[in-house]
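Asks: I'll drop the sequence and a predicted model, then ask my questions.
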There are 2 protein chains.
Amino acid sequence: MTTETTRILPDSELVALRDLAAQLRVDSIRSSGAAGSGHPTSSLSAADLLAVLLARHLRYDWSAPKAPTNDHLIFSKGHASPLLYSVFKAAGVISDDELVGTYRKFGSRLQGHPTPALPWVDVATGSLGQGLPAGVGIALAGLRLDKLPYHVWVLCGDSETAEGSIWEALDKAGHYGLRNLTAIVDVNRYGQRGTTELEWDLDTYRRRAEAFGCRAMVVDGHDLTSIDDALRTARTATGPTVLLARTIKGRGVPDVEDKPGWHGKALPADIADRAVTALGGVRSITVAAPMPAPGQPAVTTPARGPAPDLPRYERGAKVATRKAYGEALLALAARPDVVVLDGEVSDSTRTEAFADAFPDRFFEIYIAEQQLVGAAVGLQVRGYRPFAATFAAFLSRAYDFIRMAGISGAEIKLAGSHAGVEIGADGPSQMALEDIAALRAVYGSTVLYPSDAVSCAALVAQTVDLPGVSYVRTTRGSYPVLYDNGDTFPIGGSKQLRGGPGDQVALIGAGVTVHNCLAAADRLAADGIAARVIDLYSVKPIDRDALVEAVRITGGRLVVVEDHYPQGGIGAAILEALADLGEPIRMSHLAVRGLPTSGTTAQLMDAAGIGVDAVTGAARTLAAR
Amino acid sequence: MTTETTRILPDSELVALRDLAAQLRVDSIRSSGAAGSGHPTSSLSAADLLAVLLARHLRYDWSAPKAPTNDHLIFSKGHASPLLYSVFKAAGVISDDELVGTYRKFGSRLQGHPTPALPWVDVATGSLGQGLPAGVGIALAGLRLDKLPYHVWVLCGDSETAEGSIWEALDKAGHYGLRNLTAIVDVNRYGQRGTTELEWDLDTYRRRAEAFGCRAMVVDGHDLTSIDDALRTARTATGPTVLLARTIKGRGVPDVEDKPGWHGKALPADIADRAVTALGGVRSITVAAPMPAPGQPAVTTPARGPAPDLPRYERGAKVATRKAYGEALLALAARPDVVVLDGEVSDSTRTEAFADAFPDRFFEIYIAEQQLVGAAVGLQVRGYRPFAATFAAFLSRAYDFIRMAGISGAEIKLAGSHAGVEIGADGPSQMALEDIAALRAVYGSTVLYPSDAVSCAALVAQTVDLPGVSYVRTTRGSYPVLYDNGDTFPIGGSKQLRGGPGDQVALIGAGVTVHNCLAAADRLAADGIAARVIDLYSVKPIDRDALVEAVRITGGRLVVVEDHYPQGGIGAAILEALADLGEPIRMSHLAVRGLPTSGTTAQLMDAAGIGVDAVTGAARTLAAR
């Protein structure tokens, strides 16, 4: 093999490339065969593409997978993992024993679909249409931040082009002129249950890609010389490239080539054996892949420095937490690795101040929430700290992306503004009322819901270096600042705003409802009822100790009030934490049980039974029990 | 006005149309002005389009909004509700008082974004990119099922074309040749916070629409004659039409025309007053809109007939619930209004038997889950009973669509197969482990998780006429049939599979974990520990009475075991139901707490601590407390 990537493929190297492709095929067949499951035919169609890419175009120091200069290789069609892992064997980083002996087995890092448990995998894939959006994020990092010449290569399936997210990604690739991004579409014309919509209509694929701002090239995906030419052209393009490769599913195994019914099935032993023999048997070629040029990113991730100079607020002043969020981002901008993305609502989420001050580190993703999260996932692959914001309701559009970010262990920081009935007149389509349930259930997530500007800024600052997906829910309206500048708000903690050892009832809120709890506590105090008020700003992880104490002090009399549907939200988080306590709990759970409409905040809170009257009434009833 | 829609627009009618357009503008300004919020400028850009559509092309019997022959009008840009409601005034179905006096106010049906609380609104919009996918569903109903000549007109914003779902919709419109669908894109070149990606690059819009299989027409969106010609052409097209209208945001109000910073803001009184005067003041034109031709749909929704002849299973035989789901659909096919959609995985979800037997009532949506749900929402607008299936994990891709379906009160029936670690080797990207939390939190949803084939078929059958969004979670593997044919499984109920008055502990599962509970109960019985086993097949609504009884009998000793992350799932549902009970609960909550990998079902269940050993151990510990 060669480390020269600019030279036209000489005939003398064709033999070696053919051998490599045959090895990738043989290993895809063997690994899935040994596992008894997997997607060999989806791997076979792309083996020639990957052979040429690996040997001649993927500039990658396989001994240093996190080297900033490395190219990136993403299998958006993650089910072709037999091929990806066969590439890893050919790169010399996994052994044949690991490949054939452990694929898809319990305890193996060679899982059914790739995850970053493998150091050469940037993002988990397997939910189609997500690898390319993440690739867009990496390419943005390369072009706009790192300013390094690495290239992002994404292998897509043809079936997944039916996902709208692919078009969100190509649109952004075109918009940002991502010349360092190539989508290689393996057009093998078969999906899981039959032919794809477009089969081998390469011309329609081409017109779509071009209309979305990309250079499209059509090649025979089994012609090594053509592939080589196309990949070389892609690397030197002036914009994003979509390489449309006409391929044959199952290529190399005549028994299954271009036949339906062979998706996602290991080949029967007789077919597999015949094929492996015909392909020349087991090989152990290790490729001397092209190395990246040396270089350093223009932006480097600092060691954790001094605490940021957070915005300060006057206690009692009315400030929206979304405003504090935006101002906290500005303060965090002192760290060069902090970047911000928005879904074309930066005037609402209040990321616009950051956008104005640091345009090089702000990415306008427009109304494309899937790509918003996908880009954030890509940016964090390169060590950036992406803060992505939109209306909380519209994060639901990206839920599958957030789910996969959790599986990737991606460190992304989401903010959802305009949550709950609090938003008022815009009505239920704009009211996130299920976001806490949804975000809590994401693997490794952190869910924060600050009640005031001071706590919001302090919490946002803590998410910078927080592992996993973090989510901050902010509020549209302005509410009094409750805390002093410098107060601390540990993640997993809570604040007791009222109360003492004689409390008869505990009022527990988070975010906007904390203010209702405080007002109710004042009224109850006037009636002689002592109420503890807890600001449960950290919904996940949750402050179990404070909750247990509240139960013990009040005899289990808890009023929980949330601007969210009753399922899976703050009430559920509290109950889950107390599930094994074994002490009686009498929780009055105030949540949005009907379908909200338009109205003022006060009207909608009262109608939903989460306003001050409702909290007060529930507490009185409990205290009398 | 005229009821003649085929005639070229005579000059004599231009005056009346201009008056109507001016009225729509004036009323959009007045209604949002009185509300103090809303999106007048986004309404003004489309006023001419709607004037021509209403007066000359929308064939609609305004006295009978549910007439099957009516055209359909969807505002995918739901924020232009001032214009939509002004159209309703011009159609004579709401009064000026209601329009100006109640818009966006508490108690009004004229909410900030349209919902089916209004009889002329098919689906709730306000989350961009969803009206067109629903329109595709209605158009599918018209062309393939109703076989009526109604036309579906969808007003889209230009910003929302950044949503991938728009391209999923146009792709399906092209694929299915939906000649009865016209997307009118109001290209006013401004989004919320500034200009759109493509501004007035109509040619790029045109190439995109054409590449996705639609006929594209570009018009001046303020030239009434051109609009009229284009709409007439669209009605008689041989495929779907995208009418790209170059418009000016704020058109008709010189102070704000084509200026940034006026999105989503009521006009100040002085500007509004000047504009209303310049536009000719307040009018009360009522349009005699074109009437639809009489007709009856080819398929009619039957009155609830006799119980379906459900598939029968032998107790103890191993049958996957996904198989029972597919067989139940076949049985339900006796009802002509039952239709099925799949996301290109019908061989996995087992909808393929229905697809084979009833191809006219099966819609292959390919890998486009947003459109899968959007089409279901559209089909139910016309009274069909859509069952939409994909892997449970991939319903997360459509979460915003499901959320909005809840707000629409749409009756859609979702099935998610391959849930949880039970699926085995494919790994976490394919394992729904957050679906129960997410789906429970949808307004008006029903969440069912049957453990065996008999209960699965019985539950699926009950969802046919169930209001709202219903969700059935099915299982990949085959497990023993637990029930007798004919057993009943009321929604909101549960089944006690083991137990009596002396139970020391209750084992509560749903779906696959019921089998683990049964095996554990057998082991516990051998140890002399009496364990109640509850099959909580109805997760929402939940059988509170059975849970309370279990708490009382066992002293609150509950082992809850779920193949789901611990947040918001079955454990949370149980705790929410018992929150106010005031009796001690010692719940051992077994759920998937780590990130799963590949492996066998048994390995992964054991690793997650939800296998038989874990259930048995947890029960022993609790019983000893």
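Replies: Received, thanks.
Asks: how near is residue A:585 to residue A:564?
Replies: Residue A:585 is 19 Å from residue A:564, where distance means CB to CB, to the nearest Å. The way it works is simple: take the backbone N, C-alpha and C, and place the C-beta from them, glycine included.
Asks: show me which residues of the stretch 251-400 of chain A sit near chain B.
Replies: When proximity is defined by CB under 8 Å from any CB of the partner chain, the stretch 251-400 of chain A lies next to chain B at A:344-348, A:352, A:366-371, A:393-394, A:396-397, A:399-400.
Asks: hey, C-alpha coordinates of stretch A:242-258 in PDB?
Replies: Only the C-alpha atoms of stretch A:242-258 are listed here, as PDB (Å, rounded to 0.1, in the frame of the first residue of the first chain):
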ATOM      1  CA  VAL A 242     -21.800  13.600  -2.000                       C
ATOM      2  CA  LEU A 243     -20.300  10.500  -3.600                       C
ATOM      3  CA  LEU A 244     -23.100   8.400  -5.000                       C
ATOM      4  CA  ALA A 245     -21.800   4.900  -5.400                       C
ATOM      5  CA  ARG A 246     -23.900   2.500  -7.400                       C
ATOM      6  CA  THR A 247     -23.300  -0.800  -5.600                       C
ATOM      7  CA  ILE A 248     -24.600  -4.300  -5.400                       C
ATOM      8  CA  LYS A 249     -25.900  -5.600  -2.100                       C
ATOM      9  CA  GLY A 250     -24.100  -8.700  -1.100                       C
ATOM     10  CA  ARG A 251     -21.400  -8.100  -3.800                       C
ATOM     11  CA  GLY A 252     -18.800 -10.900  -3.800                       C
ATOM     12  CA  VAL A 253     -21.200 -13.600  -2.700                       C
ATOM     13  CA  PRO A 254     -23.000 -14.800  -5.800                       C
ATOM     14  CA  ASP A 255     -25.700 -16.600  -3.800                       C
ATOM     15  CA  VAL A 256     -27.000 -13.400  -2.300                       C
ATOM     16  CA  GLU A 257     -25.900 -10.700  -4.700                       C
ATOM     17  CA  ASP A 258     -28.700  -8.200  -5.500                       C
END
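Asks: residues of that stretch that come out buried?
Replies: Residues A:242-253, A:256-258 are the ones in stretch A:242-258 that count as buried (16 or more other CB atoms under 10 Å in any protein chain shown).
Asks: and what of stretch A:255-272?
Replies: Buried, per 16+ other CB under 10 Å, within stretch A:255-272: A:256-258, A:262-264, A:266-267, A:271-272.
Asks: could I get those as CSV with secondary structure?
Replies: Compiled in CSV, the buried residues of stretch A:255-272 are given as follows (DSSP: H, G, I helix; E, B strand; the rest coil):
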residue, secondary structure
A:256, coil
A:257, coil
A:258, coil
A:262, coil
A:263, coil
A:264, coil
A:266, coil
A:267, coil
A:271, helix
A:272, helix
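Asks: so which elements touch the longest helix belonging to chain A?
Replies: Longest helix of chain A, by residue count under DSSP state H: helix A:11-35. Packing partners of helix A:11-35 (3 or more CB pairs under 8 Å, 6 or more residues apart in numbering or on different chains; DSSP states H and E): helix A:40-44, helix A:47-52, helix A:81-90, helix A:96-102, helix A:224-235, helix A:269-278.
Asks: quick one: average confidence on it?
Replies: Mean per-residue pLDDT for helix A:11-35: 96.
Asks: report the angle between it and helix A:269-278.
Replies: 160 degrees (axes from the mean of the first three to the mean of the last three CA atoms, to 10 degrees).
Asks: now do helix A:11-35: distance to the chain's middle.
Replies: 33 Å (CA atoms, centre = their mean, to the nearest Å).
Asks: got it, and stretch A:366-381?
Replies: Per CA atoms, centre = their mean, the displacement of stretch A:366-381 from the mean C-alpha position of its chain is 7 Å.
Asks: could you do stretch A:416-423 as well?
Replies: 22 Å.
Asks: and among the helices and strands packed on helix A:11-35, the most buried is which?
Replies: Highest mean neighbour count among these (mean count of other CB atoms under 10 Å in any protein chain shown): helix A:40-44, with a mean of 31.
Asks: list the contacts of that helix.
Replies: Residues from elsewhere that reach helix A:40-44, judged by CB atoms under 8 Å, 6 or more residues apart in numbering or on different chains: A:24-25, A:28-29, A:32-33, A:77, A:79-83, A:86, A:157, A:186, A:188, A:190, A:249-253, A:256, A:262-267.
Asks: mind redoing it with 7 Å?
Replies: Contact with helix A:40-44 is made by A:25, A:28-29, A:32, A:77, A:79-80, A:82-83, A:157, A:249-253, A:256, A:262-263, A:266-267, as judged by CB atoms under 7 Å, 6 or more residues apart in numbering or on different chains.
Asks: and if you look at stretch A:46-59?
Replies: So stretch A:46-59 is contacted by A:1-2, A:5, A:17, A:20-21, A:24-25, A:28, A:71, A:73, A:80, A:83, A:87, A:90-91, A:153, A:155, A:184, A:186, A:221-222, A:224, A:227-228, A:231, A:235, A:245, A:247, A:252, A:287, A:289-292 (CB under 7 Å, 6+ apart).
Asks: quick one on the thing from earlier: residue A:585 and residue A:564: who's more crowded?
Replies: Using other CB atoms under 10 Å in any protein chain shown as the criterion, residue A:585 and residue A:564 rank with residue A:564 on top: 32 against 25.
Asks: for residue A:617, helix, strand, or coil?
Replies: helix.
Asks: among the residues of the stretch 251-400 of chain A next to chain B, which lie within strands?
Replies: With strands taken from DSSP state E, there is no overlap with those.
Asks: wait, residue A:393 sits on residue A:433?
Replies: No: using CB atoms under 7 Å, residue A:393 is not in contact with residue A:433; the gap is 8.1 Å.
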